[in-house]
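Enquirer: Give me a model of this one.
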Amino acid sequence: MRRASGVVGFVVLGLMIFAAPSRARAEGFVSPWIGVNFGSEPENGRASFGVTGGYMGAGIIGGEVDLGYSPNFFGKDTDFGSNNVFTAMANLIVGIPIGGTHGAGVRPYVTGGIGLIRTSIDGTFDLDGVSNNDFGYNLGAGVMGYFNTHVGLRGDIRYFRNLQGDSAPNDFGLDLGGFHFWRASVGVVIK
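Expert: Numbering: from 1, shown residues only. Predicted coordinates for the structure are as follows:
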């Protein structure tokens, strides 16, 4: 119960930051995305989806909240039982608008921040389930390309890693203390 309320509190805080009033020059954006995870053990290549929302103050620097969910992250339900990874990150984003901040244009960016990485494995048959709520960080880069002032596409790649040291042994042989993975994603961006 305590862990669930921490996750909910973190998500509510992120949404409050995103919804907070900002200066008229700030550019807010929302980007629902789909992606693929890779570079973890066991090697997964599994799908993920989520939403990223944020703002760019004066068009160059800003903040964003990135929420991602990856069902069956560690493998099939028949191998691990129901399993998933949820990430909630609060990030700093820096990007340079090429072509200005109005109309069509391109904005390459870098981003990074800290937040929650939640891993959950329910287990199968006689294996005990395991779940962890860990602080983690993410670093990434990408590009937003706008067709007009309000709609475009966004693609990025991010590295996620938890800040936890050693993890407790589990029946699955997974080292959740050194948990890390990459995510490549693409989505629509609306500002």
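Enquirer: can you give me the strands for this structure?
Expert: Using DSSP state E, the strands of the chain run over 27-38, 47-57, 61-71, 83-95, 105-121, 130-146, 151-162, 180-190.
Enquirer: Save those as JSON lines, and put in mean pLDDT and mean neighbour count too.
Expert: Backbone N, C-alpha and C define where each C-beta goes, glycine included. Shown next, in JSON lines, are the strands of the chain (pLDDT from 0 to 100; neighbours: other Cβ atoms under 10 Å):
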{"stretch": "strand 27-38", "mean pLDDT": "94", "mean neighbour count": "18"}
{"stretch": "strand 47-57", "mean pLDDT": "94", "mean neighbour count": "19"}
{"stretch": "strand 61-71", "mean pLDDT": "96", "mean neighbour count": "21"}
{"stretch": "strand 83-95", "mean pLDDT": "95", "mean neighbour count": "21"}
{"stretch": "strand 105-121", "mean pLDDT": "93", "mean neighbour count": "20"}
{"stretch": "strand 130-146", "mean pLDDT": "91", "mean neighbour count": "18"}
{"stretch": "strand 151-162", "mean pLDDT": "96", "mean neighbour count": "19"}
{"stretch": "strand 180-190", "mean pLDDT": "95", "mean neighbour count": "18"}
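Enquirer: give me phi/psi at His102?
Expert: With angles defined as degrees, to the nearest 10, His102 sits at phi -120, psi 140.
Enquirer: Which residue is the nearest non-sequential neighbour of it?
Expert: Thr149 (5.1 Å; Cβ to Cβ, 6 or more residues apart in numbering).
Enquirer: just Phe160 next, same as before
Expert: Nearest residue to Phe160, sequence neighbours excluded (Cβ to Cβ, 6+ apart): Asn138, at 4.7 Å.
Enquirer: for Phe49, same thing?
Expert: Of all residues not flanking Phe49 in the chain, Ile34 sits nearest, at 5.0 Å (Cβ to Cβ, 6+ apart).
Enquirer: What separation is there between the one you found and Arg46?
Expert: As judged by Cβ to Cβ, to the nearest Å, Ile34 and Arg46 stand 12 Å apart.
Enquirer: And the contacts of stretch 148-155?
Expert: 31, 33, 52, 102-104, 142-146, 184-191 (Cβ atoms under 8 Å, 6 or more residues apart in numbering).
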